[in-house]
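**Student:** A predicted structure for the sequence below; I have some questions about it.
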Amino acid sequence: RRFQDNRHLAANRDAILILLAGLCWSLSGIGVRLIEDANVWQIVLYRSISMSFFLGGVVYYMTGQNPFKIALEKGVVGWVCGFALVLSYVAGVYALQTTSVANTLLLFSTAPFQTAILARVFLGEIVRWRTWFAIGFSLMGVLIMVGGQDNQSHIFGDIAALSAALGFAVFTISVRKGRTGDMMPAVFWSGVLCLPVMVLICIFTETPLRVGSKDALIALLLGIIQMGLGLLLFTLGSKTLPAAKMTLLALSEVFFAPLWVWLFLDERIPLQTLVGGSAILLAIIWNVAGKNSQTELAS
């Protein structure tokens, strides 16, 4: 009985950590709004620099060892985790550049579905009906949110958005696969791997590596608070929750993102965004609070 109670407490704690990760990730919108001149590739480059230093410091604090050495010792799981996040970063930015924000948001929100399928195949995790229903209900909320936006699409941008969702799904599966150990070094590795990729993209697109001091500061802060802290919380919360539920909880990012630009930049929130965001939030709360969710705890 005590073991079950402790397990449920741990699951509730992990759910809160992942919700907070989504809260951190939702800050990207307001951060990008505040940037004046830097383009998306420059933002991701500077964000990756500070994220790598932040997560490297976390790994060193937690282990007292060289973060590069520990990351390499993670083997295949570490490399898969790192490259999956790089794919998610790069594909997500490319999607925003080449297709509508509405399409990008909608297609990236398929991540819980992709995660559920991969978790069944690679982890043997059974997704309960309650989680399937909540995933479907949250996707309906996303459909409502993007219903009033410009939905002009570009096939390569749409493929990139789906690839970004796949990258995040594979990252989640990798974190769950290595949950018995410390996966923070692998997450740190993603920031390190992203740096040369961003530099090459900037060179290929003739984008200057140097940006203004204000833009650089905002991008560096995004790397620490939005990405670094978000990934730290998500990884810490991966111990007990099934992979599909983790990506569902992370959709809190979609709910919170419009709120920040409304609160701090006085940007109007359309009615469909409020209705769709509320549907996402209700789906998350219903899934976490339901009695059946206790039976989904991973072994």
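**Tutor:** That came through, no problem.
**Student:** close enough to count as contact, Ala257 and Gly29?
**Tutor:** Yes: counting by CB atoms under 8 Å, Gly29 is a contact partner of Ala257 at 4.5 Å. In short, each C-beta sits where N, CA and C put it, glycine included.
**Student:** Tell me the helices and strands packed up against the helix or strand containing Trp189.
**Tutor:** Assigned by DSSP states H and E, Trp189 belongs to helix 184-204. On a contact count with 3 or more CB pairs under 8 Å, 6 or more residues apart in numbering; DSSP states H and E, helix 184-204 meets helix 40-63, helix 67-73, helix 75-98, helix 155-177, helix 229-236.
**Student:** Output it as CSV - backbone C-alpha positions only.
**Tutor:** Listed in CSV are the C-alpha atoms of helix 184-204, where the atom choice follows Å, rounded to 0.1, in the frame of the first residue of the first chain:
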residue,chain,number,x,y,z
MET,A,184,20.7,14.6,-18.8
PRO,A,185,24.0,14.1,-20.5
ALA,A,186,22.2,12.9,-23.6
VAL,A,187,20.0,16.0,-23.5
PHE,A,188,23.1,18.2,-23.1
TRP,A,189,24.6,16.4,-26.1
SER,A,190,21.7,17.6,-28.3
GLY,A,191,22.7,21.2,-27.7
VAL,A,192,26.3,20.4,-28.6
LEU,A,193,25.3,18.6,-31.8
CYS,A,194,23.0,21.4,-32.8
LEU,A,195,25.9,24.0,-32.8
PRO,A,196,27.8,22.8,-35.9
VAL,A,197,24.5,22.2,-37.7
MET,A,198,23.4,25.8,-37.1
VAL,A,199,26.7,27.2,-38.1
LEU,A,200,26.6,25.2,-41.4
ILE,A,201,23.0,26.3,-42.1
CYS,A,202,24.0,30.0,-41.4
ILE,A,203,27.0,29.6,-43.8
PHE,A,204,24.9,27.9,-46.5
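**Student:** Contact partners for Leu220?
**Tutor:** Residues in contact with Leu220, defined by CB atoms under 8 Å, 6 or more residues apart in numbering, are 46-47, 49-50.
**Student:** and which of the residues you listed is nearest to Tyr89?
**Tutor:** Arg47 (8.7 Å; CB to CB).
**Student:** List the contacts of the nearest residue to that closest one once chain neighbours are set aside.
**Tutor:** The spatial neighbour of Arg47 that comes closest, neighbours along the chain excluded (CB to CB, 6 or more residues apart in numbering), is Gly223 at 3.9 Å. Under the criterion of CB under 8 Å, 6+ apart, the contact partners of Gly223 comprise 46-52, 54, 191.
**Student:** thought Cys235 was touching Arg176?
**Tutor:** Check again: residue 235 is Thr, not Cys. No: using CB under 8 Å, Thr235 makes no contact with Arg176, being 10.3 Å away.
**Student:** Format the helices and strands packed on helix 184-204 as TSV; extra columns: mean neighbour count and distance to Leu106.
**Tutor:** Output for these, formatted as TSV (neighbours: other CB atoms under 10 Å; distance: least, CB to CB, whole Å):
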stretch	mean neighbour count	distance to Leu106
helix 40-63	21	19
helix 67-73	17	34
helix 75-98	20	11
helix 155-177	22	8
helix 229-236	23	21
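**Student:** any low-confidence regions in this protein?
**Tutor:** Per-residue confidence of the chain (counting by pLDDT under 70) places the weak regions at 1-7, 100-102, 148-153, 179-181, 288-299.
**Student:** what do you get if the cut-off is 80, keeping everything else the same?
**Tutor:** Residue ranges of the chain with pLDDT under 80: 1-11, 29, 96-107, 127, 145-154, 178-182, 266-271, 273, 285, 287-299.
**Student:** do you know which of the helices and strands packed on helix 184-204 lies nearest Pro112?
**Tutor:** Among the helices and strands packed on helix 184-204, the nearest to Pro112 by CB to CB is helix 155-177 (8.1 Å).
**Student:** What is the closest one packed up against?
**Tutor:** helix 75-98, helix 101-108, helix 111-118, helix 184-204, helix 243-250.
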